[in-house]
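Novice: build me a model from this:
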Amino acid sequence: MSTKKPILLWFRRDLRLSDHPALTKALSQDCPVIPVFIHDEVVETHGAAPKWRLGLAVAEFAETLKDKGSRLILRRGKAAEVLQDLVDETGAGAVYFTRAYDPDAVKRDKAVHETLSQHDIEIKRFRGHLLFEPDDVSPKTSDFYKVYTPMWKSVRDRDVAEPLATPGDIAAPDSWPDSDSLEDWNMGAAMERGADIVADYVVVGESAAQSRLGSFMANWIDDYQENRDLPWRPGTSKLSENLTYGEISPRACWHAGQRALQEGKKGAETFLKELVWREFAYHLVHHTPRIVSENWREDWDAFPWNEDERKAEVKAWKQGRTGIKFVDAAMREMYVTGHMHNRGRMIVASYLTKHLMCHWKIGLKWFEDCLIDWDPASNAMGWQWSAGSGPDATPYFRVFNPVTQLDKFDKNRDYVTTWIAEGQSNPPKEALQYFKAIPEQWNMSAGDPYPDPIVTADAGRKAALDAYENRSF
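Specialist: Numbering: from 1, shown residues only. Down below sits the predicted model:
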């Protein structure tokens, strides 16, 4: 029987055993460790696909802990109250967790600290979600970076510690507190029938994430710089899904990229830059949290974007029925797989905010509901970058032409053919899955005629430029 007080190890978006500083530190204390996951006030706000995918991650991680002689205690409620209850029930002397940066998580963690600090409880936050802490990266002339390239140059040669090893068995307490049933949470409820379709495309858990990284490094990294722009090729790592839930650490990805760089793999530096682009998003969220909900550039506040989600153009955009094939293929890919190719993300965002003149918040919210790799920082920065209202944004006068972009990146229409069934005598499985995943009330079928463009590429560009010309930047 252990005479030491147990440590509550609060898992959030860090559902792994390897390279986990909080876990490693907890085990070094020679105390019983009680892993906990809370369906808290932040989880409650998640959209349909992210919440469903998080539930899969939690289930897989619980099984992983069993193999280590441990278990994952599940509770639902406000994090501060749940943790206080668990401290009272278990006699725990400490609560450890990995640091978070987005405003909702920061607010939650502040409440936890205020509640537990009133008692004799040790509270420790650990690194682990990022390569570089936001306060550890800054230019000489200001508090933080507002442009990506200088940040990349400042960190690309920094030493990054090697990932920590996966621990052996995890010391268990003499008795375990009660746990909720994950099934009772019904985290996939809002997915409805779409869950059965998207389930074919998810890659869940730490072991699967490491295999995904290994496969990418072995087969795709060399040509990554060229292939990452081709939506019809499996040329990207898709590790964003696993990084979102912490099923793999950014340090593991960084060192794999560095090894590829040393081996002369041509796409390695581009891969490393993408990891730092994610860092840049969190750097900005930490220093300017308004980016997740307001125009980062305040001079855009008066811009006359449409904010009415009920408009027919918005509905067509969400349904992949704009008549612009690159846009529609990308939107359908997201609905079937929970993922969207990066080139597609830029095209659909530009079309919504510039051709349709709709507020980027509409797209931000839709992605938050549909993406299994939804990330609060990356989603916000990506939408504001596309709209022109964000830091290091694409210039407001740059309006992606979705027709010429399709000619450039999907010359043979492989991507379009994969995802748009209308007009094909024998559509592929992926294109037909879309009609099985969407809400029945959309009343769409593969036999419908494909629509004419709601706004053509040329007309949309002209309207956007006219609107920009009528305001000062």
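Novice: from here on, just use CA atoms for contacts and neighbour counts.
Specialist: Will do.
Novice: number of residues surrounding Phe61?
Specialist: 22 (other Cα atoms under 10 Å).
Novice: Leu74 too?
Specialist: Residues near Leu74, counting by other Cα under 10 Å, number 19.
Novice: show me the contacts for it.
Specialist: Val36, Phe37, Ile38, His39, Ser179, Asp180, Ser181, Leu182 (Cα atoms under 8 Å, 6 or more residues apart in numbering).
Novice: from these, pick the one nearest Val403.
Specialist: His39 (43.4 Å; Cα to Cα).
Novice: my read is that the closest one contacts Gly77, right?
Specialist: Yes - using Cα atoms under 8 Å, His39 is in contact with Gly77, at 6.3 Å.
Novice: more neighbours: which of those two?
Specialist: More crowded of His39 and Gly77, by other Cα under 10 Å: His39, with 21 against 15.
Novice: need phi/psi at the residue lying closest to that one once chain neighbours are set aside.
Specialist: In this structure, His39 finds its nearest non-sequential neighbour in Arg76, 4.6 Å apart by Cα to Cα, 6 or more residues apart in numbering. Here is the backbone geometry of Arg76 (degrees, to the nearest 10): phi -130, psi 140.
Novice: since we're on Trp277, how many residues are nearby?
Specialist: Count around Trp277 with other Cα under 10 Å applied: 18.
Novice: pLDDT score for Pro395?
Specialist: Each residue has a pLDDT score; the one for Pro395 is 65.
Novice: quick one: average confidence on the longest strand seen in the chain?
Specialist: Counting residues, the longest strand in the chain under DSSP state E turns out to be strand 33-39. The average pLDDT within strand 33-39 is 98.
Novice: any buried residues in the next helix or strand after it, and which?
Specialist: Downstream of strand 33-39, the next assigned helix or strand under DSSP states H and E is helix 48-66. The neighbour-count check on helix 48-66 (16 or more other Cα atoms under 10 Å) flags 48-62, 64-65 as buried.
Novice: would you map the helices across the stretch 301-450 of the chain?
Specialist: 312-319, 325-337, 342-350, 360-370, 376-387, 402-409, 414-419, 429-437 (DSSP state H, counting those that start in this stretch).
Novice: reformat these as JSON lines; add mean pLDDT, mean neighbour count and distance to Ala457.
Specialist: Shown next, in JSON lines, are the helices of the stretch 301-450 of the chain (pLDDT from 0 to 100; neighbours: other Cα atoms under 10 Å; distance: least, Cα to Cα, whole Å):
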{"stretch": "helix 312-319", "mean pLDDT": "97", "mean neighbour count": "18", "distance to Ala457": "14"}
{"stretch": "helix 325-337", "mean pLDDT": "98", "mean neighbour count": "26", "distance to Ala457": "11"}
{"stretch": "helix 342-350", "mean pLDDT": "96", "mean neighbour count": "22", "distance to Ala457": "11"}
{"stretch": "helix 360-370", "mean pLDDT": "98", "mean neighbour count": "21", "distance to Ala457": "18"}
{"stretch": "helix 376-387", "mean pLDDT": "95", "mean neighbour count": "25", "distance to Ala457": "16"}
{"stretch": "helix 402-409", "mean pLDDT": "95", "mean neighbour count": "16", "distance to Ala457": "7"}
{"stretch": "helix 414-419", "mean pLDDT": "98", "mean neighbour count": "20", "distance to Ala457": "17"}
{"stretch": "helix 429-437", "mean pLDDT": "97", "mean neighbour count": "19", "distance to Ala457": "24"}
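Novice: nearest to Asp143, out of the ones you listed?
Specialist: Closest to Asp143 of those, according to Cα to Cα: helix 376-387, at 18.7 Å.
Novice: next, the contact list for the residue nearest to His39, please.
Specialist: Here Arg76 is in contact with Ile38, His39, Asp40, Val82, Asp180 (criterion: Cα under 8 Å, 6+ apart).
Novice: state the distance from Arg297 to Asp375.
Specialist: Using Cα to Cα, to the nearest Å, we find Arg297 at a distance of 21 Å from Asp375.
Novice: three-state assignment of Lys25?
Specialist: Of the three states, Lys25 takes helix under DSSP: H, G, I helix; E, B strand; the rest coil.
Novice: out of the contacts of Leu74, which are buried?
Specialist: When these are checked for burial by 16+ other Cα under 10 Å, the buried set is Val36, Phe37, Ile38, His39, Leu182.
Novice: could those residues go into JSON lines alongside distance to Arg12?
Specialist: Output for the buried ones among the contacts of Leu74, formatted as JSON lines (distance: Cα to Cα, whole Å):
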{"residue": "Val36", "distance to Arg12": "9"}
{"residue": "Phe37", "distance to Arg12": "6"}
{"residue": "Ile38", "distance to Arg12": "8"}
{"residue": "His39", "distance to Arg12": "9"}
{"residue": "Leu182", "distance to Arg12": "15"}
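Novice: tell me which two of these sit farthest apart.
Specialist: Val36 and Leu182 (12.5 Å).
Novice: identify the residues contacting stretch 254-261?
Specialist: Glu162, Met217, Ile221, Gly267, Ala268, Glu269, Phe271, Leu272, Leu275.
Novice: what do you get for stretch 186-206?
Specialist: Residues from elsewhere that reach stretch 186-206 (Cα under 8 Å, 6+ apart): 15-17, 48-49, 51-53, 55-57, 60-61, 209, 241-242, 247-248, 335-338, 433, 436-439.
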